[in-house]
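> Here is a sequence with its predicted model. Questions after.
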Amino acid sequence: MSTKHHQIVIIGAGTGGIMTASQFLKKNPKLDIAIIDPADTHYYQPAWTLVGVNAYDFDKTAKPMSEVIPKGATWIKDFVTGFQPEKNAITTKENGEISYDYLVVSPGLAMEPSMIEGLEEALDKGVVCSNYTNPKHTWEVIKNFKGGNAIFTQPTTPIKCGGAPQKIAYLASDYFRKKGILDKTNVVFATPGSVIFGVKPIADTLNKVIARYGIHFKPFYAPVKVDSENKIVTFKFVGDNENQCVINEGGLKEKRTGDHFIEMPFDMLHLAPPQAAPKFVRESSLVNEAGWLDVDHYTLQHNKYDNIFGLGDVAALPTAKTGAAIRKQVPVVINNILHLMKGESLGDKKYNGYSSCPLVTALGKMVLAEFDYKGNFTPDPNLKKMLIFDSSKEHWRLWILKKYILPYLYWNKMLKGEEV
């Protein structure tokens, strides 16, 4: 089995991998860069929220991978099976061992529905749906919904785009209102978290949105079981005071079953599946105790191996896993590797935890949450050029940004290596 070597090996041809390769090659077209990814198609997943309410064409979220791999990079269409960091090498399914001078780990994360009992069998069938796995099925479920309990929830694991499970609750509520069935619907948003959003100005707006639609907000509710045959979802109450956990508002028909558990019947159920680092990463020596890639929060360099960097959803960073976060992480990784290549210490660029969550609150309205590691609200000054002076409030121009401007920037600027 021949050993292949590349100066820089990038694992993953998602947002992080493609942006990293493109920006590297813009700075130095002579770099020897290999991208390893087995997928044929690259998806713009942020638009899947809109696909779930028929506000975006699913086909427009996909492009052949061959079109987005930057010219000058070598695409190795293969699965990574393991790491050999002491040898500066990785192992692959078809190509054997591939060695590197520098490694960038950005394979995203994996859906793990088996972590909730019954979810694997139920997901994307009947009235159980998820924008994370099949947004076209979500639209079928919402379109055919006639009233009753519409439950939206999320798991206890970290997930990509932490706001997505509630965005679809707002969009569905808006659709039900327009269809005239909101008054005979209990829309529930159940989350293991304690608040609707961790950034106060955003939370203030979202609480008003919840009140507008009459959504039942259930904090400290962690989904543990889905019984699709009987249409019952079981939650574990994870707050301190279990006596708070059952409030039978508006005929929800919640039922306590033993200590800390609540059963809720549903007529439709949307949820984000539990998520984890891909198996080949979490079974390696590169992860922290929680199973995520163990990198420095500010330099994105691996905490044990100096020539390994990580970014994107796989990284153990205490911020939201979004494409916007990756946009700020990529220049830091590139700057640091270029310094190391010259025999210098790491560059002075640091990642401050910036992430952004476009929270669509209605068909035609959006709030834009931008924040850092400390939970500070950090709106982009460029929004003023769009005449958006307070992005913590709902605005139709932010909807335009989400539906039209961001996809354009993604395909034509970000993936092409331009810093935006």
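Noted; the coordinates are in hand.

> how does the protein divide into domains?
Domain ranges of the chain: 4-109+277-354, 113-274, per automatic domain parsing.

> Arg327 belongs to a helix?
Yes - counting by DSSP: H, G, I helix; E, B strand; the rest coil, Arg327 is part of a helix.

> what about the nearest residue to it once chain neighbours are set aside, how many neighbours?
Nearest residue to Arg327, sequence neighbours excluded (CB to CB, 6 or more residues apart in numbering): Met414, at 6.4 Å. Yep, even glycine has a C-beta here, placed from its N, CA and C like the rest. Around Met414 there are 21 other residues, counting by other CB atoms under 10 Å.

> Dihedrals phi and psi, Met414?
Backbone torsions of Met414, given as degrees, to the nearest 10, read phi -60, psi -50.

> In contact with it, which residues are there?
15, 19, 323, 327, 420 (CB atoms under 8 Å, 6 or more residues apart in numbering).

> again, only this time at 10 Å
By CB atoms under 10 Å, 6 or more residues apart in numbering, Met414 lies in contact with 15, 18-19, 22-23, 323, 326-327, 330, 406, 420.

> same deal with Gln275?
108-113, 115, 132, 154-155, 157-160, 313, 321.

> For it, grab phi and psi.
phi -140, psi 150.

> partner residues bridging it?
Met111 (DSSP bridges).

> if we can go back for a sec, highest neighbour count among the contacts of Gln275?
Counting by other CB under 10 Å, Asp313 has the largest number of neighbours within these, with 29 neighbours.

> residue contacts, Glu117?
Applying CB under 10 Å, 6+ apart, the residues contacting Glu117 are 223-227, 234.

> just for this protein, where's the confidence low?
In the predicted model, the chain carries pLDDT under 70 at residues 1-3, 241-250.

> Try it again at 50.
1-2 (pLDDT under 50).

> Just give me the longest strand of it.
strand 96-105 (DSSP state E).

> Give me the buried positions along that strand.
Applying a neighbour-count criterion of 16 or more other CB atoms under 10 Å, one finds 97-98, 100, 102-105 buried in strand 96-105.

> can you list these in JSON lines and add distance to Asn149?
Listed next are the buried residues of strand 96-105 as JSON lines, based on distance: CB to CB, whole Å:
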{"residue": "Glu97", "distance to Asn149": "53"}
{"residue": "Ile98", "distance to Asn149": "51"}
{"residue": "Tyr100", "distance to Asn149": "52"}
{"residue": "Tyr102", "distance to Asn149": "51"}
{"residue": "Leu103", "distance to Asn149": "47"}
{"residue": "Val104", "distance to Asn149": "45"}
{"residue": "Val105", "distance to Asn149": "41"}
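
> out of those, who's nearest Tyr305?
Relative to Tyr305, the closest of the buried residues of strand 96-105 is Leu103; by CB to CB it sits at 8.0 Å.

> how about the closest one, what does it touch?
6, 8-11, 83, 85, 88-90, 286, 302, 305, 307-310, 337.

> how near is the residue nearest to Asn303 when sequence neighbours are not counted to Asn352?
Nearest non-adjacent residue to Asn303, counting by CB to CB, 6+ apart: Asp294, 4.9 Å away. Noted for Asp294: a distance of 19 Å to Asn352, by CB to CB, to the nearest Å.

> And the contacts of Glu117, which of them are buried?
For the contacts of Glu117, buried by 16+ other CB under 10 Å: 223-224, 226-227, 234.

> Could you single out the nearest of the residues you listed to Lys200?
Pro223 (26.4 Å).

> What are the neighbouring residues in contact with the closest residue to that closest one other than its chain neighbours?
Leaving aside its chain neighbours, Pro223 sits nearest to Thr153 (4.9 Å; criterion: CB to CB, 6+ apart). By CB under 10 Å, 6+ apart, the contact list for Thr153 reads 116, 165-166, 169, 188-192, 218, 221-223, 226, 233, 235, 264, 266, 269-272.

> wait, isn't Glu263 in contact with Phe237?
No - taking contacts as CB atoms under 10 Å, Glu263 lies outside contact range of Phe237: 11.7 Å.

> what sits in contact with each of the two?
Arg256.

> So for these two, which residue has more residues nearby?
Phe237 (22 against 16).

> Please name the bridge partners of that one.
Legend: beta-bridge partners of Phe237 under DSSP bridges are Tyr221.

> Do I have it right that it meets Thr257?
No - using CB under 10 Å as the test, Phe237 is too far from Thr257 to be in contact (11.1 Å).

> And Ile400, its phi and psi?
phi -60, psi -40.

> Counting neighbours, what do you get for His395?
There are 22 residues near His395, going by other CB under 10 Å.

> whoops, I mixed them up, Lys63
Neighbours around Lys63, by other CB under 10 Å: 15.

> Am I right that it sits in a helix?
No - counting by three-state DSSP, Lys63 is not found in a helix; it is strand.

> Identify the residue nearest it in space, chain neighbours excluded?
Closest to Lys63 by CB to CB, 6+ apart is His42, at 5.3 Å.

> any idea how far that neighbour is from Ile18?
7 Å.

> ditto for Ser194
Distance from Ser194 to Ile18, by CB to CB: 36 Å.

> With Lys342 instead?
For Lys342 relative to Ile18 (CB to CB), the value is 25 Å.

> more neighbours, those two?
Using other CB under 10 Å as the criterion, Lys342 and Ile18 rank with Ile18 on top: 27 against 7.

> Would you mark the buried spots in the host helix or strand of the more buried one?
Here Ile18 sits within helix 15-27, counting by DSSP states H and E. The neighbour-count check on helix 15-27 (16+ other CB under 10 Å) flags 15-25 as buried.

> List just the nearest of these to Val209.
Thr15 (27.7 Å).

> list the contacts for that closest one?
Thr15 touches 42-46, 68, 106, 108, 311-313, 322-327, 330, 410, 414-415, counting by CB under 10 Å, 6+ apart.

> thought Glu418 was touching Asn412?
Yes - here Glu418 lies in contact with Asn412, judged by CB under 10 Å, at a distance of 8.4 Å.

> in the sheet, who's paired with the residue nearest the centre of the chain?
The residue lying closest to the centre of the chain (CA atoms, centre = their mean) is Lys160, at 1.8 Å. Here Lys160 sits in beta bridges with Lys321, as judged by DSSP bridges.

> No more questions from me, cheers.
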